[in-house]
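A.B. asks: Mind folding the following:
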Amino acid sequence: MTPTIKELLNTPHGREVVVKGWVRTKRGNKNVAFIALNDGSTINNIQIVADPSAFDEEILKKITTGACIRVTGDLVESQGSGQAVEVQAKEIEIYGEADPEKYPLQKKGHTMEYLRTIAHLRPRTNTFGAVLRIRNAMAFAIHKYFNEHGFVYLNTPLITESDCEGAGEMFQVTTLDLENLPRTESGAIDYSEDFFGKQTSLTVSGQLEGELGAMALGKIYTFGPTFRAENSNTPRHLAEFWMIEPEMAFYDVQDNMDLAEDFIKTLVRYALENCADDLAFLNKMIDPELISRLEGVVKTDFVRLTYTEGMKILMESGEKFEFPVYWGVDLQSEHERYLVEKYFKKPVILTDYPKDIKAFYMKQNEDGKTVRGMDVLFPKIGEIIGGSERESDYGKLMTRINELGMSTTNLEWYLDTRRYGSCPHSGFGLGFERLLLFVTGMANIRDVIPFPRTPKNAEF
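C.D. replies: From the prediction side, this is the model:
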């Protein structure tokens, strides 16, 4: 197999090699040509040195930015600075040309907005190559962490009839003819004729099914795509995104917080240890405080305080927030970031939220007003993890469902876990793209996923 450029850059010189990749730049004169080649394995290019007199002039003309080539040559000690080795070309084959008049990624600065319009090509840029390699490393680290801690990877359904969050903002799944919908006698859509025989949607969360797994397997996690039909055009929202959701039997809210803190510290540490070159590039080009912020998270104990304590800090801060603060309000990103970035200057785990702003499944505290929820708040992001101890008492859970006017028609399977051998259990959800925003220093969530799905945008 042909070695990658990452491998070649760490290979002793003095041998013939074959290298393949895409041309980033070509420069030189009539005596020598320097070609910067990259194959996506590393942020670093390998330099190809070619003697123009040894090659057909037409071949060299086709070596332009974006072209794909195969080079055979000698790996030698580099004469220039910046790399230990380079390749003295003996043979060059053009795999694919790139018209220099039309290729959208010429060597110049491009805005993130422009690059989103060519999401099929932006992985070839240094920035998005780095981001996508880090995304890959974080996905591996997530599976590695849970495997080493005795969790079972559970695949929960993407198509469901339940709305975990109660928000109702779901994408409907149907095979019915939208031009000729079947109707019942009352005029309602007759979903009995649909593929599944009932109304179904894309999942907003695998949590409820995850709880079923935890009640049998002890500790499980899900890691897959989730969907929200929110009309939110913000730098923090996607319509399609990935979620990591562990659920653990016999964990109370304190155990849940301990796991969340250790989990996210381990992921950040993995990035620092295994993505050093890509992080150094992003630190230089995107966010000069990135590496110091990542190192700070690993070394710092997270602050833990109640919602009530946090609200008191906000109300006494003297800050003029866009959204008013008072006990009972759901915190906005500006409130969360004030606590993390200005007041404590470190990550915060906020607990014991008012029950009226949290989901039906969260365990109620003895005060009858708050629940054992816990959100992990991070600098530059706000909430990065949301979780809770789950209500394990059937009677209390049913009381809450009735208070909210929810139907149990499609929740009987979920309620069975409280009818038959219920136990204390907890879990949380980590938005993968939110994590990647933090780890990469990127400012917009559309730039940490290969092909973002947002309102009015489903290109590629």
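
A.B. asks: Can you list the strands that the helix or strand where residue 242 lies pairs with?
C.D. replies: Taking DSSP states H and E as the criterion, the element that holds residue 242 is strand 240-249. For strand 240-249, the pairing partners within the sheet under DSSP bridges are strand 219-227 (antiparallel), strand 425-431 (antiparallel).

A.B. asks: mind putting those in JSON lines, distance to residue 330, mean pLDDT and mean neighbour count included?
C.D. replies: (Glycine included, C-beta is placed from N, CA and C.) Below are these laid out as JSON lines (distance: least, C-beta to C-beta, whole Å; pLDDT from 0 to 100; neighbours: other C-beta atoms under 10 Å):
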{"stretch": "strand 219-227", "distance to residue 330": "20", "mean pLDDT": "97", "mean neighbour count": "21"}
{"stretch": "strand 425-431", "distance to residue 330": "16", "mean pLDDT": "97", "mean neighbour count": "24"}
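
A.B. asks: for these, which one sits closest to residue 275?
C.D. replies: Taking C-beta to C-beta as the criterion, strand 425-431 is the member of the strands paired with strand 240-249 that comes nearest to residue 275, at 18.2 Å.

A.B. asks: how near is the closest residue to residue 296 other than its chain neighbours to residue 248?
C.D. replies: On the basis of C-beta to C-beta, 6 or more residues apart in numbering, the spatially nearest residue to residue 296 that is not a chain neighbour turns out to be residue 346, at 7.2 Å. With distances defined as C-beta to C-beta, to the nearest Å, the gap from residue 346 to residue 248 amounts to 25 Å.

A.B. asks: still on that earlier bit, wait, isn't the residue nearest to residue 296 in contact with residue 304?
C.D. replies: No: distance between residue 346 and residue 304: 11.1 Å, which falls outside the contact criterion (C-beta atoms under 8 Å).

A.B. asks: so what pLDDT did the nearest residue to residue 181 once chain neighbours are set aside get?
C.D. replies: Closest residue in space to residue 181, ignoring its immediate chain neighbours: residue 189 at 5.4 Å, by C-beta to C-beta, 6+ apart. Note for residue 189: predicted pLDDT of 96.

A.B. asks: Would you map the helices across the stretch 301-450 of the chain?
C.D. replies: For the stretch 301-450 of the chain, applying DSSP state H, counting those that start in this stretch gives helices covering 307-315, 333-337, 394-403, 412-419, 432-440.

A.B. asks: Distance to residue 63 for those - can I get that in CSV?
C.D. replies: As requested, the helices of the stretch 301-450 of the chain are exported to CSV (distance: least, C-beta to C-beta, whole Å):
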stretch, distance to residue 63
helix 307-315, 59
helix 333-337, 47
helix 394-403, 66
helix 412-419, 61
helix 432-440, 31
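
A.B. asks: With respect to burial, which of the ones you listed scores highest?
C.D. replies: helix 432-440 (a mean of 23; mean count of other C-beta atoms under 10 Å).

A.B. asks: CA atoms only for that one - export them in PDB, please.
C.D. replies: Extracted as PDB, the C-alpha positions of helix 432-440 are listed here (Å, rounded to 0.1, in the frame of the first residue of the first chain):
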ATOM      1  CA  PHE A 432     -21.200  16.000  19.300                       C
ATOM      2  CA  GLU A 433     -21.100  19.200  17.200                       C
ATOM      3  CA  ARG A 434     -21.200  21.400  20.400                       C
ATOM      4  CA  LEU A 435     -18.200  19.400  21.700                       C
ATOM      5  CA  LEU A 436     -16.400  20.000  18.400                       C
ATOM      6  CA  LEU A 437     -17.000  23.700  18.500                       C
ATOM      7  CA  PHE A 438     -15.200  23.800  21.800                       C
ATOM      8  CA  VAL A 439     -12.300  21.500  20.700                       C
ATOM      9  CA  THR A 440     -11.700  23.200  17.400                       C
END
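
A.B. asks: quick one: that helix to strand 240-249, angle?
C.D. replies: Using axes from the mean of the first three to the mean of the last three C-alpha atoms, to 10 degrees, the inter-axis angle of helix 432-440 relative to strand 240-249 is 100 degrees.

A.B. asks: could you say what helices and strands helix 432-440 packs with?
C.D. replies: Using 3 or more C-beta pairs under 8 Å, 6 or more residues apart in numbering; DSSP states H and E as the contact criterion, the neighbours of helix 432-440 among helices and strands are helix 126-148, strand 240-249, helix 253-274, helix 290-299, strand 382-389.

A.B. asks: run the last query once more with 10 Å
C.D. replies: Packed against helix 432-440, as judged by 3 or more C-beta pairs under 10 Å, 6 or more residues apart in numbering; DSSP states H and E, are the following elements: helix 126-148, strand 219-227, strand 240-249, helix 253-274, helix 276-285, helix 290-299, strand 370-378, strand 382-389.

A.B. asks: highest average neighbour count across the ones you listed?
C.D. replies: Per-residue neighbour counts averaged over each of the helices and strands packed on helix 432-440 give the maximum for strand 370-378, namely a mean of 25 (mean count of other C-beta under 10 Å).

A.B. asks: and that one, what's its mean pLDDT?
C.D. replies: 97.

A.B. asks: which residues touch residue 159?
C.D. replies: Taking C-beta atoms under 10 Å, 6 or more residues apart in numbering as the definition of contact, the neighbours of residue 159 are 173, 195-196, 200-203.

A.B. asks: again but with residue 86, I slipped
C.D. replies: Contacts were defined as C-beta under 10 Å, 6+ apart; by that measure residue 86 touches 8-9, 13, 34-35, 46-49, 73-80.

A.B. asks: got the buried residues for the helix or strand hosting it?
C.D. replies: Element membership of residue 86 [criterion: DSSP H and E] is strand 85-96. Using 16 or more other C-beta atoms under 10 Å as the burial criterion, the residues of strand 85-96 that qualify are 85-87, 89, 92.

A.B. asks: strands paired with it, and their directions?
C.D. replies: Counting by DSSP bridges, the strands paired with strand 85-96 are strand 46-50 (parallel), strand 68-77 (antiparallel).

A.B. asks: Can you convert those into CSV and add a column each for mean neighbour count, mean pLDDT and distance to residue 278?
C.D. replies: Conversion of the strands paired with strand 85-96 to CSV gives the following (neighbours: other C-beta atoms under 10 Å; pLDDT from 0 to 100; distance: least, C-beta to C-beta, whole Å):
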stretch, mean neighbour count, mean pLDDT, distance to residue 278
strand 46-50, 22, 97, 16
strand 68-77, 17, 97, 22
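
A.B. asks: Any stretches of this structure with poor pLDDT?
C.D. replies: The model of the chain has pLDDT under 70 over residues 164-168.
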